[in-house]
Each structure stands twice: as C-alpha cells, then as structure tokens.
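# After the sequence you'll find the predicted model.
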Amino acid sequence: MPDIHDPEAPTAIRVVDLVRDYPRPRTSLLQPAPVVRALRGVSLEVKQGERFGIVGESGCGKSTLLRLIAALDRATSGHVIVEDTDITRLPECRLRSLRENLQLVFQDPMSSLDPRMRVRDIIAEPLVVQGHPASGQRVRELLEAVGLSADAGDRYPHQFSGGQRQRISIARALAPRPRILIADEPVSALDVSVRAQVLNLISDLVDELNLTLVFVSHDLSVVKHVCDRVAVMNAGQIVETGYTGDVYAAPQHPYTQRLVSAIPTLQRALSGATTADLLAKGESA
Amino acid sequence: MKRLNPSLIAGGVIVAVIVLMALVSFVWTPYDATLVSPASRLLEPSWSHWFGTDKFGRDILSQIMVGSRTTLFVGVVAVGVAAVIGVPLGILAAMVRRWPSEVIMRANDLLLAFPALLLAIMFGAVFGASTLTAMIAIGIASVPSFARVIRSGALQVMRTEYVLAARAAGRQPFPIALRHVLPNVTSLITVQASVSFAIAVLAEAALSFLGYGTPPPTPSWGRMLQESQEFLFSAPRLAIFPGIAIAIAVLGFNLLGDGLRDRFDPKLEDRR
C-alpha cells in the first residue's frame, strides 16, 4: 500500500468551483440551445507527490475535468491552478511550462498513438516540440524504463499489443520529465492479465521519479491499488473526497456506498449474490 | 499483407494500360495521328488500319493512343487543382472553430451546387477554349467533394487521443495538421483522387464534344466523338472506338478508387 501523504506538502493542482457546459445544437427557434452540464462546480486539491484518484461512472465528467486540468479545453467558469499558475484563461502561447510539467496517458491504446509514426518519433514528439535535444539515447532510456526493448523504436504502433502500446504512451508522457502525470483510465482498455503489470509500472515510475499522479478510473479496485486519496464523482460533481482506505471502509455518500457495494468479492460470490442483489442493496443503502 | 481485391487489380491494370499507351504514343504510333490523307478517308478496320480511319483519313488507333495523353493530362491537372485547394480547405474546416468552419463549408456547398460543365463553359468563354482552362474549371468544380471528404476524415483524426497528446505536448495547430492530420488522411486523398480522375476524364470528353475542350488538331477522345456525329449511321465505328476508350478509362479509375477504398477502409491498423 502507498503511504499516506504529508498534508503540509505544497499544492500541485487546485481546482476551484469549475464549471463546464457544452452547448448542444438548437432544437427550437424560440428557445435557447440546450446545454449539457458536464461539470457543476468541482473543487479539489492535489498535493505535490500525492497519488490522487478520481472515480465515477462513464459520463460523470471525469474526462472533462482532466482536459480542463491539462488546458486542452476551456472552462465555462471557475479556476484551475497548476503549480501556482492560474491556467484557466491563459492563451496557448503561455502554457509552455504546463506543457512541460504535466503530461497525460490516455485510455485507448489504439487511438492514443499515431498509426503513421514510428514509436521512436512518437516518444520524441514532446521533446522535439519543446525544443529539447531528442537524442536516440533518451528515447532508448525511456523505452527501457517502461520495459520495452530498444529496437521497439523502429516499429509502428500496430505491431504492438495493447499493454505494450500503453507502455509506449507512458514513455511518451515521461519524455519531457514532467512533475505531474495524469492518467485517464490507463488500464480499462487492457486485458485483465496485463492490467496489473501496467498499474505496477505506473506505480513504480511515480515513486522513482517523484511524480504527482492524478489517476482516473471507473474501477474502484484499481484506484484502491494505486492511490492515496480519492474523489468520487457523480453527475458532474464531487460527492466525496477522502483517504482511499477511509472511503472504502466507511463510504459516506449514498453513491459511494453503491459503488463500494458493487465491488465483486469472493465472499459475496460464494454466498450466491447476483447483480440484482447488488443493485437492491445499493439502493436501500 | 492483405489480399488484393479484384477491383483494385482490374482498376490498376486498366489504368496501367492507359498510362503505357500514352507513354508509347510519344515514341511510336502506327501512323502520324494528325496526318491528313484524303486518299484513305473513312476506311473500314483492316490489317493496315486496325480501327479504320476518320473523315480526314487519320488513323483512329493512332488518335486514340495520342488522345490518351490528353485524357491523363486532363485528369492530372483537374485532380491536382482540386486536391491542392480542397485538401487544405478540408483540414482547415475540421480544425477551426465552429463558425469559420461553417462559412467554409457553406461556401463549399454553394460551389457544389454549381454545375461543373457550366463552370467549364464559362471559363472557356472568358479565357478561351483550351484543355488547360477546361481542366482548371473541372478542378475547381471538384474542390468541394475533396474538401468534404477530407474534412470528415480530418474531424475523425482531430478527435483521436494522439492529437490530444500532441496538444498536451505543446504542438501548435499547423504542425498538428502537417504531422498528424495530413498523413492520416492520405488514404482518403488517394481514393478521392482516383474517383475525381474518372469524373475529369468524362468531363473533358463532354467539353470537347461541345467544342469547349481540346481544340483541333490535338487528338482527344471527346473531340473524336464529336467529329463522328455526321457518320453515326454510315460509320458508327468512328464513335464506338473513342466511346469505348472513354468508358474503359472511366471504369478503370472508378474501379481503382473502389479498390483503394476497400483496401484502406476496414481498419487503418491492418494496412502495412
């Protein structure tokens, strides 16, 4: 288990009352266009060196939140402060330090690597863009760090398995030596057999390189495995935040209780529980 | 390696034959294609003139061979014009914000609604009828279909996580277009180019038939058709041979386009 982090540590990411509405196409001439409220006032704080988990079902706004933290999308209102810089309304040209310090690993290992580029060029891309010397040496180092052979650089992404592609993705994210790593469901598209490997790799690298990790998943057990603290999201809001162990042991919010009760365990399976039981229990809780 | 599909093979062979024919015509044709010889007017096909001769005594086979150059020239210019304007426009429309993109696409629709032949006739009237003016007009008329197809492909690419990753690494929009979007829509460009090629060949034939295309004496399949009009009943072969040539060329490029689409489409990853 990761050790509980020092609450006095400086803040890496602070999100204040963040709102993101997506306008939808008009359905009537007379009424204003309907909006999808993806985030409804989210606030959270991630300490430096912390492993912070965000859990919630699909469509609850997790990915929107990540995109706003990475300045890949514009907030409707609210603030995102990364390492003491308010990035919410900064123009792209002033985001250079964010682009160097914060990197992402995406969910789908099929679509997160350009099929037309060699692995070498994919990993070197952040280096080239940010004007660092993109030496073959550094690329080999990174490949080695994620457990791939050095000759992998000459091949194309489709020649690798899902787990290997996710390793390439991680190597690319680590290339500019970021201080913050954001992982958006990095293992949910992988076979169960390679999930643990990739999770352990992320976990080890975060320790080794002293990174701040924001880890998003819909799977509570995965978050439990990796994170110190966790925020539970539902319908664009954070309903509960706390140390992972506490949230698991004594979930406060009804939604969290339902999530926790839905984790499959051996005991429950042996006692003959079915999905229907889980739902009923969650609702009554 | 994926299995080659029949339309790709058939289309490829037809197109290769036309290209070969055009190349051979530079060094050898049975007769001089523009040589008028009143003594051998309207000859039936024979061993000395395989496809016969026309009303000026010119050898039809030689004219078809030389005419294939016009056909290919036409296709290359028209597709070139359409791709050079349409591809950047399509990518731009996919990458800019909502309303500039709408402006580009509605202007595109406007051009799409304008008949290509009418545009070419207008160009011919203003700049003088020539193969080049006709083809630039056909090229401009093919811009909207390129822009549309490329925009939809580029939109898909823009939604992928590798573009997000490139943005997160700090890549600016123009390099993203060049490094990520363009390489990933090349298969679409190839397919669209071969289909547009077929359309351009047909358009050139139609324009030459109307007298707005290739001016005499340069041999062109379309003009051969036009010149055959008065002999449609007495010597139908004058229309049949260039007609077949046009039909085969159009079929060839369409098959090639279909074949390429099938080859590229199912899954990008299976390609290499």
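Perfect, I can see it now. Numbers count the residues shown, from 1 in each chain, chains lettered A, B, ... in the order given.
# burial count for the residue of the stretch 1-150 of chain B found nearest chain A?
Residue of the stretch 1-150 of chain B nearest chain A, by CB to the nearest CB: residue B:98 (9.5 Å). Using the backbone N, CA and C atoms, a C-beta is placed for each residue, glycine as well. Residues near residue B:98, counting by other CB atoms under 10 Å in any protein chain shown, number 8.
# Can you list the low-confidence ranges for the stretch 51-200 of chain B?
For the stretch 51-200 of chain B, the stretches with pLDDT under 70 are B:51, B:57.
# What residues does it have near chain A?
Applying CB under 8 Å from any CB of the partner chain, we find that the stretch 51-200 of chain B lies next to chain A at B:160-162, B:164-172, B:175, B:179-180, B:183-184.
# roughly how far is stretch A:208-226 from the heart of the chain?
8 Å (CA atoms, centre = their mean, to the nearest Å).
# and it, which residues are buried?
A:211-218, A:220, A:222-226 (16 or more other CB atoms under 10 Å in any protein chain shown).
# Likewise for stretch A:136-150?
Applying a neighbour-count criterion of 16+ other CB under 10 Å, one finds A:138, A:139, A:140, A:142, A:143, A:145, A:146, A:148 buried in stretch A:136-150.
# So that stretch, near chain B or not?
No. Using CB under 8 Å from any CB, stretch A:136-150 stays clear of chain B, coming no nearer than 13.7 Å.
# excluding its backbone neighbours, what's nearest residue 92?
Because you didn't say which chain, this covers chain A. Among residues not flanking residue A:92 along the chain, residue B:172 sits closest, at 7.3 Å (CB to CB, 6 or more residues apart in numbering or on different chains).
# not quite, I wanted chain B
In space, residue B:92 is closest to residue B:104, 6.6 Å off (CB to CB, 6+ apart).
# number of nearby residues for residue A:34?
By other CB under 10 Å, neighbour count at residue A:34 equals 13.
# And it, how far from chain B?
Going from residue A:34 to chain B by CB to the nearest CB, to the nearest Å gives 16 Å.
# Residue A:206 now?
Applying CB to the nearest CB to residue A:206 and chain B gives a distance of 18 Å.
# Same question for residue A:121.
9 Å.
# can you pull the buried residues of the helix or strand where residue B:201 lies?
Taking DSSP states H and E as the criterion, residue B:201 maps to helix B:182-210. Neighbour-count burial for helix B:182-210 flags B:182, B:184-185, B:187-210 (criterion: 16+ other CB under 10 Å).
# Against which helices or strands is it packed?
helix B:60-95, helix B:116-127, helix B:131-158, helix B:221-228, helix B:237-264 (3 or more CB pairs under 8 Å, 6 or more residues apart in numbering or on different chains; DSSP states H and E).
# now those helices as a markdown table including mean neighbour count?
Output for the helices and strands packed on helix B:182-210, formatted as a markdown table (neighbours: other CB atoms under 10 Å in any protein chain shown):
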| stretch | mean neighbour count |
| --- | --- |
| helix B:60-95 | 23 |
| helix B:116-127 | 17 |
| helix B:131-158 | 23 |
| helix B:221-228 | 24 |
| helix B:237-264 | 20 |
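# isn't residue A:113 right next to residue B:162, touching?
Yes. Here residue A:113 lies in contact with residue B:162, judged by CB atoms under 8 Å, at a distance of 5.7 Å.
# Touching both of the two, which residues are there?
Common neighbours of residue A:113 and residue B:162 (criterion: CB atoms under 8 Å, 6 or more residues apart in numbering or on different chains): residue A:122.
# Compute the number of surrounding residues for residue A:112.
When neighbours are counted by other CB under 10 Å, residue A:112 comes out with 27.
# just checking, residue A:99 touches residue B:170?
Yes. In this structure, residue A:99 is within contact of residue B:170 by CB under 8 Å, at 3.5 Å.
# Mind listing the shared neighbours of those two?
Common neighbours of residue A:99 and residue B:170 (CB under 8 Å, 6+ apart) are A:126, A:129, A:130.
# from those, which is closest to residue A:164?
residue A:126 (19.4 Å; CB to CB).
# What's the first helix or strand after the helix or strand that the closest one is a member of?
In the assignment (DSSP H and E), residue A:126 maps to helix A:119-129. Using DSSP H and E, the helix or strand that directly follows helix A:119-129 along the chain is helix A:136-145.
# Would you indicate which residues of stretch A:13-32 are buried?
Within stretch A:13-32, the residues scored as buried using 16+ other CB under 10 Å are A:13, A:14, A:15, A:16, A:18, A:19, A:20, A:21.
# Now do it: everything it contacts.
Stretch A:13-32 is contacted from outside by A:33-46, A:61, A:64-65, A:68-69, A:73, A:75-83, A:180, A:212, A:214, using CB under 8 Å, 6+ apart.
# start to end distance for that stretch?
Taking CA to CA, to the nearest Å, stretch A:13-32 runs 35 Å from one end to the other.
# Run the chain-centre distance for that stretch.
23 Å.
# for the record, mean pLDDT for that stretch?
Averaged across stretch A:13-32, pLDDT comes to 85.
# same thing with stretch A:204-219?
When pLDDT is averaged over stretch A:204-219, the result is 89.
# Can you measure across that stretch, start residue to end residue?
20 Å.
# ok, residue A:10 - how many residues close by?
Using other CB under 10 Å: residue A:10 sits among 9 other residues.
# Residue A:115 versus that one, what's the distance?
Distance of residue A:10 to residue A:115, computed by CB to CB, to the nearest Å: 40 Å.
# low-confidence ranges in chain A?
Chain A contains residues with pLDDT under 70 at A:1-7, A:134, A:273-285.
# show me where it has strands.
Taking DSSP state E to define them, one finds strands in chain A at A:11-23, A:35-47, A:51-55, A:77-82, A:85-86, A:102-105, A:180-184, A:212-217, A:229-234, A:237-243.
# Turn the ones you listed into TSV, columns for distance to residue A:267.
Shown next, in TSV, are those (distance: least, CB to CB, whole Å):
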stretch	distance to residue A:267
strand A:11-23	37
strand A:35-47	33
strand A:51-55	22
strand A:77-82	42
strand A:85-86	48
strand A:102-105	33
strand A:180-184	30
strand A:212-217	23
strand A:229-234	23
strand A:237-243	24
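# Quick one: closest of the ones you listed to residue A:171.
strand A:102-105 (9.8 Å).
# related to what we said a few turns ago, filter the residues of the stretch 51-200 of chain B next to chain A down to the buried ones.
For those, buried by 16+ other CB under 10 Å: B:160-162, B:164-171, B:179-180, B:184.
# Name the residues that touch stretch B:245-256?
B:7-8, B:10-15, B:17-18, B:64, B:67-68, B:71, B:75, B:194-195, B:197-198, B:201-202, B:205, B:221-222, B:225.
# same question for that stretch, mean pLDDT?
Stretch B:245-256 shows a mean pLDDT of 87 in the predicted model.
# Quick one: distance of that stretch to the chain centre.
Distance, centroid of stretch B:245-256 to centroid of chain: 10 Å (CA atoms, centre = their mean).
# Which one of the shared contacts of residue A:99 and residue B:170 sits in the busiest neighbourhood?
Busiest of those [other CB under 10 Å] is residue A:126, holding 26 neighbours.
# Please report how far residue A:117 lies from residue B:187.
15 Å.
# Same check on residue B:200?
Applying CB to CB to residue B:200 and residue B:187 gives a distance of 20 Å.
# Same check on residue A:237?
Counting by CB to CB, the gap from residue A:237 to residue B:187 is 43 Å.
# Residue A:115 too?
According to CB to CB, residue A:115 stands 11 Å off from residue B:187.
# Equivalent analysis for residue B:118, please.
Distance from residue B:118 to residue B:187, by CB to CB: 32 Å.
# burial measure for the closest residue in space to residue A:211 that isn't next to it in sequence, as a count.
Leaving out its chain neighbours, the residue that sits closest to residue A:211 by CB to CB, 6+ apart is residue A:181, at 4.9 Å. Residue A:181 has 23 neighbours, counted by other CB under 10 Å.
# pretty sure residue A:181 contacts residue A:212?
Yes. Counting by CB under 8 Å, residue A:181 touches residue A:212, with 7.2 Å between them.
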